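S.K.: Build me a model from this:
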Amino acid sequence: MFKKTLISVAVASSLGLTGCFDSGDSGSNANPDYKITDTTIDQSLVRPIFDPSPISKTFDVPTHFDLLLLLGATTGENHDFTAPASGPEPVSSGLNALSGFSTTSAFNVRFDGELNPDTVIEGQTVSLIALDTASPLEGTSAPLALPPVNPEDITGIAPGADQPNYRLDVVDVDGGRNNAIRVTPLEPLQEQRKYLVLVSDGVEGANGKNIDQSVQGRALSENPDGLPLDSITDLVAGLNDLGRQILDGSGLDVALAYTFTTNADAEVLRTMLAPSISGTKLGQQVGFTAQLKAVRDVYNPPGTADGDKLNFSELSEKLGELGAKAALVASGDLDISTLPAKEQQVIARLGELNGITTPAAIETAIGEEVADGTIHLPQPRPSYFFDPKRADELTTILALSAGNQIKAAAAQVRVSEGAIALPYFQSLPGETGAGITDGSWQGNEELEEGLNERLDSGGGVFQFLRDGNGTLNINGNFPFAEQQATVTTPVVVFHPAPLSSGERPTACADPSKPNGVTIFQHGITVDRSVSMLPAILLAQSSCQAIVAIDQPLHGLAGAAQGLVPGSRRYHRRH
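M.R.: Next up, the predicted model:
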């Protein structure tokens, strides 16, 4: 179905072409226009808005098309499979960091005219289909090192149990009428799963005519001008072929077929809780990127002009080529002296890495980083608490009437206030707080530096994949965040009181040993004091200990509630 490469990057020769075009007038290579003069094109047909040529003036694809994650492979030597977007707006900055697309949000498929809503039928004329994929590094020692983003990695349709539950609506967008199909997941889509959006020509326009492929999409797949866009052509044509296989026997044809891959960014939080779940992938990423760096250091040495550098896709393909030659050299079936000097250099370095980046050596290095605290582990944190006080002595509770239920419950509850030292991963606030609003979690470069030193005292063994601007993103592909500071955070705990004369019996068999712990999280614009009333009732009636802290930029303005104000204090880690 698709052409296959080492890492299955379908856009290996697309964006890199733009630097070779001249800047002549219309009709020259600088901004090529498809000269479509075919009078047989029926202008009355409604078509999807789909122009997937990256060098087109009217480039326009769905905002969650896998192509956006693949384009980074040709924009430079770094690529972490996030979109090559830039700019302060949320969409650009989000695409430039996310490892895939949303598992919950609805999305629109836009058209250039009005549709007949009665012909948009779920599972018949329009479908959202879950697909199975293989690793782009299948058959190597590092199958987890790269995500299965490329449509070339599709192996088939996922089992019925994995198929999504969704709803279709025809909606108005961009000032039009009934000119978009909205696909709404009714349950979260699976993480790190590839989905096919398939729109057939069974959908009709408002004029009763069946829709057709976009003019630009059809022109690109047929490549009438002979432009060197083979990889994009293969991508579009391959997805159309997949769609036709699915529609086979229905009498329908493909009007639009594209894939998107969902993110797995919840993996970051899971890894914070249990780093071992991402440990195997981390080890394989170290091994793969060490080999990739061996190629990059030789073919893109410092000082190489950007236009002369191999891009990520080319570097990966070169690695596959030289890896095969290295195996032949090792078996005695190839004389290394017959190879070009650069190939000899890379093969020699790959031989060295075989001794440096063994699975055992990488596992040991990762274990030592865990021991040093570079990788976050859940563990008891330093804390300090004042002596507990009665909850019915808090200012807010004292103001309640004598027969109030909460006041009665408060007599059996104690309040402990203090502070706890917590690891902090967000950008530091700074004097204005801008670090919180403008910053974000970052990939763990300290871990990268530490592993390099442990594997080879000279360092420089490997480098994790970056995006186009050199940032090590934190997402499902690389879920290890770097700790920026330790923050001392005020904390309040409401807990059952020991039995004493004059108090009603509590819900606890032993109030000194609560039945459990509830963490209370306040909302925006308030603070930990809002936990007071529900916490008192929960502690008294369910024998729970209730813990509440303040979010960043939140805190008590005073002691009117009877709690100690306190505030966060940040201590830089580095």
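
S.K.: Distance check, V203 against V126.
M.R.: 7 Å (C-beta to C-beta, to the nearest Å). C-beta coordinates here come from the backbone N, C-alpha and C atoms, glycine included.

S.K.: Now the strand or helix carrying R270: average pLDDT?
M.R.: Assessed by DSSP states H and E, R270 sits inside helix 266-273. Regarding helix 266-273, the rounded mean pLDDT is 94.

S.K.: Only alpha carbons, please: show it as PDB.
M.R.: Provided in PDB are the C-alpha atoms of helix 266-273 (Å, rounded to 0.1, in the frame of the first residue of the first chain):
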ATOM      1  CA  ALA A 266      -1.400  11.200  30.100                       C
ATOM      2  CA  GLU A 267       1.800   9.000  30.000                       C
ATOM      3  CA  VAL A 268       3.600  11.900  31.600                       C
ATOM      4  CA  LEU A 269       1.500  11.800  34.800                       C
ATOM      5  CA  ARG A 270       1.600   8.000  34.800                       C
ATOM      6  CA  THR A 271       5.400   8.100  34.500                       C
ATOM      7  CA  MET A 272       5.600  10.600  37.400                       C
ATOM      8  CA  LEU A 273       3.700   8.100  39.500                       C
END
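
S.K.: So which bits of the next helix or strand after that helix are buried?
M.R.: On the C-terminal side of helix 266-273, the nearest following helix or strand under DSSP H and E is helix 279-299. The neighbour-count check on helix 279-299 (16 or more other C-beta atoms under 10 Å) flags 279, 281-296, 298-299 as buried.

S.K.: ok, and what's touching helix 279-299?
M.R.: 77, 137, 140-146, 309-310, 315-316, 318-319, 322-323, 342, 345-346, 349-350, 353, 356-357, 359, 362-363, 366, 451, 455, 460-465, 478, 480 (C-beta atoms under 8 Å, 6 or more residues apart in numbering).

S.K.: buried subset of those?
M.R.: For the contacts of helix 279-299, buried by 16+ other C-beta under 10 Å: 77, 137, 140, 142-146, 309-310, 315-316, 318-319, 322-323, 345-346, 349-350, 353, 357, 362, 366, 451, 455, 461-465, 478, 480.

S.K.: Run through the helices of the stretch 51-200 of the chain in chain order.
M.R.: Ranges of helices in the stretch 51-200 of the chain, per DSSP state H, counting those that start in this stretch, are 67-70, 90-95.

S.K.: between V203 and V126, who's got more neighbours?
M.R.: When neighbours are counted by other C-beta atoms under 10 Å, V203 and V126 differ, and V203 comes out ahead with 27 against 23.

S.K.: That one reaches K209, doesn't it?
M.R.: No: in this structure V203 lies outside contact range of K209 using C-beta atoms under 8 Å: 10.4 Å.

S.K.: pLDDT weak spots in the stretch 301-450 of the chain?
M.R.: For the stretch 301-450 of the chain, no stretch is flagged by pLDDT under 70.

S.K.: show me what contacts A409?
M.R.: Counted by C-beta under 8 Å, 6+ apart, A409 has contacts I536, L537, A539, Q540, S541.

S.K.: Quick check, L256 in contact with S214.
M.R.: Yes: proximity of L256 to S214 meets the contact threshold set by C-beta under 8 Å, at 7.4 Å.

S.K.: Neighbour count: those two, which is higher?
M.R.: Per other C-beta under 10 Å, whichever of L256 and S214 has more neighbours is L256, with 27 against 20.

S.K.: Strand partners (parallel or antiparallel) of the helix or strand hosting the more buried one?
M.R.: Taking DSSP H and E as the definition, one finds L256 inside strand 254-261. Neighbouring strands of strand 254-261 in its sheet, by DSSP bridges, are strand 194-200 (antiparallel).

S.K.: chain center to the strand it pairs with: distance?
M.R.: 21 Å (C-alpha atoms, centre = their mean, to the nearest Å).

S.K.: Give me the mean pLDDT for it.
M.R.: For strand 194-200, the per-residue pLDDT averages 98.

S.K.: Identify all contacting residues around it.
M.R.: Taking C-beta under 8 Å, 6+ apart as the rule, strand 194-200 contacts 48, 62, 66, 109, 124-131, 133, 148-149, 151, 153-154, 164, 181, 183, 189, 211, 239, 242-243, 246-247, 250, 252-262.
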